[in-house]
Structures are given as C-alpha cells and as structure tokens.
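J.: fold the following and give me the result.
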Amino acid sequence: MKVSIWFALTCDTLERIEIMSLYDYFCENVVLQDCDGTVWHGYAAYYTPAIDSEDGEDELAVRTERGLVGFRESEIRSIRIDRRKE
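T.: Numbers count the residues shown, from 1 in each chain. Have a look, this model is predicted:
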C-alpha cells in the first residue's frame, strides 16, 4: 500500500497527516471502517477521482452483502486490502 505522509505545521503543534489513495484499493477485496465505526467487508468495484466527484473528493464504492455502498474519502477512518479473500 502506498501512503503519502505529510507534515502540517500549525500554531501549536506539528501534525502528521497520512493521505490515502483510494485508487490503490480499486478492484480489491477490502475491509473498510467508516467514521461511525462501522466495519464493511467487500469488493471495491468503483472508483471516482476527486475531479469527477460532485463533492471534490475521491470516492470508492464497495460491493457488500447488503449491496453497493459508496464512501467519500472523508468518510473513511481506515481501509486495508483483505488478503483472506484473494
């Protein structure tokens, strides 16, 4: 997995910011945790880059047992490739 790491200097502290690339998970089985803490298992079937998104954020649609569920990058707390499904 490729993750860009940026450091942001604020008035009070130096923050470490990890920037995920949702494209890296496209066409992969994933385990995704959303901002509400719900864990989703499924296949990352669709990727929409920020330039084509209505909200200006990358988006990933995951095919789950419940159907297709879409996530904006800001709605994802964590994501990883599910190696057990390969």
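
J.: what residues are bridge-paired with V62?
T.: Beta-bridge pairing of V62 under DSSP bridges involves A44, V69.

J.: wait, it touches W40, no?
T.: Yes - counting by C-beta atoms under 8 Å, V62 does reach W40; the two are 5.8 Å apart. Any C-beta I mention is one placed from the backbone N, CA and C, and that applies to glycine too.

J.: ok, T64 to S21 distance?
T.: Distance, T64 to S21, by C-beta to C-beta, to the nearest Å: 21 Å.

J.: er, L68 I mean
T.: Separation of L68 from S21 (C-beta to C-beta) stands at 21 Å.

J.: tell me which helix or strand of this structure sits lowest on mean pLDDT?
T.: In the chain, no helix or strand scores lower on mean pLDDT, DSSP states H and E than strand 3-9, which sits at a mean of 44.

J.: secondary structure element for G37, which one?
T.: Under DSSP states H and E, no helix or strand contains G37.

J.: cool, the one 5 residues further on as well?
T.: Counting by DSSP H and E, the element that carries G42 is strand 39-48.

J.: got any residues that touch both of V62 and W40?
T.: 30, 32, 69 (C-beta atoms under 8 Å, 6 or more residues apart in numbering).

J.: check contacts around the first one.
T.: In this structure, V30 makes contact with 40-44, 62, 79-82, judged by C-beta under 8 Å, 6+ apart.

J.: which among these end up buried?
T.: Taking 16 or more other C-beta atoms under 10 Å as the criterion, what is buried in the contacts of V30 is 40, 42-44, 62, 79.
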